[in-house]
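Asks: Here is my input, please return the structure:
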Amino acid sequence: MSQYEVASAAVQSALDAGARYADARVMHRRIESMSARNGEVEDLTQNQPDFKVS
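Replies: Residues are numbered from 1 along each chain as shown. Below is the predicted model:
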């Protein structure tokens, strides 16, 4: 199931349960970091955590 399908299902579940309004947001985050000491790069990292529906 895609993240958009999860979001749509969450909204529909809220509406089916009697909510007058519901929305969902799909967020993608990307985290990058770099460490350097005395002008030399020591560490590079990239991280793309799973999607979040809120």
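Asks: and the strand or helix carrying residue 44, which strands flank it?
Replies: Assessed by DSSP states H and E, residue 44 sits inside strand 40-47. Applying DSSP bridges, strand 40-47 is found paired with strand 31-37 (antiparallel).
Asks: where does this structure dip in pLDDT?
Replies: 50-54 (pLDDT under 70).
Asks: 80 - rerun?
Replies: Low-confidence segments of the chain, defined by pLDDT under 80: 28, 48-54.
Asks: Backbone torsions only: list them for the residue lying farthest from the centre of it.
Replies: Distance to the chain centre peaks in the chain at residue 38, reaching 34.9 Å (criterion: C-alpha atoms, centre = their mean). Phi and psi for residue 38, reported as degrees, to the nearest 10, are phi 50, psi 40.
Asks: quick one on the thing from earlier: let's see the strand holding residue 44 as CSV, backbone CA atoms only.
Replies: Provided in CSV are the C-alpha atoms of strand 40-47 (Å, rounded to 0.1, in the frame of the first residue of the first chain):
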residue,chain,number,x,y,z
GLU,A,40,39.3,17.3,6.6
VAL,A,41,36.0,15.6,6.1
GLU,A,42,35.6,12.8,8.7
ASP,A,43,32.1,11.6,8.1
LEU,A,44,29.2,11.9,5.6
THR,A,45,25.8,10.4,6.2
GLN,A,46,22.5,10.5,4.3
ASN,A,47,19.3,9.0,5.7
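Asks: neighbouring contacts of it?
Replies: 30-36 (C-beta atoms under 8 Å, 6 or more residues apart in numbering). No exception for glycine: its C-beta is placed from N, CA and C like everyone else's.
Asks: Quick check: the gap between residue 38 and residue 32.
Replies: 21 Å (C-beta to C-beta, to the nearest Å).
Asks: let me redo that: residue 5
Replies: Residue 5 is 29 Å from residue 32, by C-beta to C-beta.
Asks: cool, and residue 1?
Replies: 28 Å.
Asks: now residue 23
Replies: The value you get for residue 23 to residue 32, if C-beta to C-beta is used, is 29 Å.
Asks: That's all I had, so thanks and see you.
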